[in-house]
Structure formats: structure tokens, C-alpha cells
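S.K.: Need a 3D model of the sequence below.
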Amino acid sequence: MMGATLSPVVDAWNRAGARARVAAAAIVVVLLAAAILLWIVVPLQDAVGRARADLARERMVLASARSRLAEDASLAHAIAPARAGDAAAAVDRVLAGHGLVPLSRARADADGRIDVVIPDARFGTLVRALDALSHDEGVRVVEATLLARVAPGSVRAELALTRSGPAR
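M.R.: Residues are numbered from 1 along each chain as shown. Now for the predicted structure:
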């Protein structure tokens, strides 16, 4: 069956002169080269496109990582080193300096946790006092419960604080 299909082509090849055979062979070679080139170039173009998209994505990830690294470095400089001394006294001192009056004096338990209840505080003042505790005294909030009071911007604060780092 295959011989019957190719017999007209073989007959035409045998009848053709040398010049026609060379021209036909050149056409076949050019068509094969074009097919192979397309078979190679199209996937390479797709790969180049994917590589460009990957490069853009990697650059965004790198920029994000660099900004986070810079932020981490600035935060590391902003965090106060752990202070030695009585953390509860530091809490009382900072709260009093901001005009905040706790129900009772701050006392540290065996784990170094300091529980403080402030019955009435302006929210902004409380935040500034906690920021001062963190930056100046190395005391940070472990747990906080804030309850809104009737007066706008006023809260009842139940705080659990601890000294940052190994020193307590």
C-alpha cells in the first residue's frame, strides 16, 4: 500500500533531471530546517517569557525581603535591652509619669509576670505609657484586656507585663 502511494513520487523523481533533483532536495532541506528551527525556537521563546516573569517575581521578593530586613534592623535598634532591677517599680514609675493610676501597686510573681489593672485611662495615654515601658524599661505587654468605658476614648485596662530578655 505504501509503495502504491509513493510510486508517483518515485516516478517523478526518476524522470527529473539532475538540476530538478538538486532543487527538490534543497527545498526539502530548507523545509526540514524550518521545521526543526520552529520546533526549537518556539519552546525557547516560551522559556524566555517564563524566565522574564520569574525574574520580575524574584526581584519583587528580593525587594520585599530587603525592606523587611531594614525594618527588622530598625526594630532591633528600637527595642530596649533588658534592664536589671525591679520591673514592677519601673511599671509604677512609668504609669505615674503618664498620669495613670492602677488599682494597686504593680507586683511581679515568681515567673516575672506583672499584673496591673488601670480602672480609667485615656486610650492614647495608655498606649504612650506602654510604648515608654517597652522602649525605656524593656517591659512588654504579654496579655491585655481593654474594656471601653462610657466616656469616649476612655478604657479599663487589665494588663499582664513582663521584662524582655533573660534579665527579670
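
S.K.: Compute the number of surrounding residues for Gly17.
M.R.: 8 (other Cβ atoms under 10 Å). Every residue, glycine included, has its C-beta placed from N, CA and C.

S.K.: tell me the phi and psi of it?
M.R.: Geometry field for Gly17 lists phi and psi as phi -80, psi 180, criterion degrees, to the nearest 10.

S.K.: And for Asp115?
M.R.: Dihedral angles phi and psi of Asp115 (degrees, to the nearest 10) take the values phi -100, psi 130.

S.K.: if I pick the nearest residue to it once chain neighbours are set aside, what's in contact with it?
M.R.: Beyond its immediate neighbours in the sequence, the residue positioned closest to Asp115 (Cβ to Cβ, 6 or more residues apart in numbering) is Ala160, lying 5.6 Å away. By Cβ atoms under 8 Å, 6 or more residues apart in numbering, Ala160 lies in contact with Arg113, Ile114, Asp115, Val141, Val142, Glu143, Ala144.

S.K.: same thing but 7 Å
M.R.: Listed by Cβ atoms under 7 Å, 6 or more residues apart in numbering, the contact set of Ala160 reads Arg113, Asp115, Val142, Glu143.

S.K.: Tell me which entries of the residues you listed lie within strands.
M.R.: Assigned to strands by DSSP state E, the following of the contacts of Ala160 qualify: Asp115, Val142, Glu143.

S.K.: Buried ones from those, can you make that a ChimeraX selection?
M.R.: To isolate in ChimeraX the members of the ones in strands among the contacts of Ala160 that are buried, counting by 16 or more other Cβ atoms under 10 Å, one can use:
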select :115
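
S.K.: Serialize the ones in strands among the contacts of Ala160 to JSON lines and add fields for pLDDT.
M.R.: Supplementary listing: the ones in strands among the contacts of Ala160 in JSON lines, determined by pLDDT from 0 to 100:
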{"residue": "Asp115", "pLDDT": "93"}
{"residue": "Val142", "pLDDT": "92"}
{"residue": "Glu143", "pLDDT": "93"}
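
S.K.: which one of the ones in strands among the contacts of Ala160 is nearest Ser74?
M.R.: Distance to Ser74, by Cβ to Cβ, is smallest for Val142 among the ones in strands among the contacts of Ala160, at 23.4 Å.

S.K.: Got phi/psi on the residue nearest to the closest one when sequence neighbours are not counted?
M.R.: Leaving aside its chain neighbours, Val142 sits nearest to Ala160 (4.6 Å; criterion: Cβ to Cβ, 6+ apart). Dihedral angles of Ala160 (phi, psi; degrees, to the nearest 10) stand at phi -120, psi 120.

S.K.: do Arg93 as well
M.R.: Backbone torsions for Arg93, taken as degrees, to the nearest 10, come to phi -60, psi -50.
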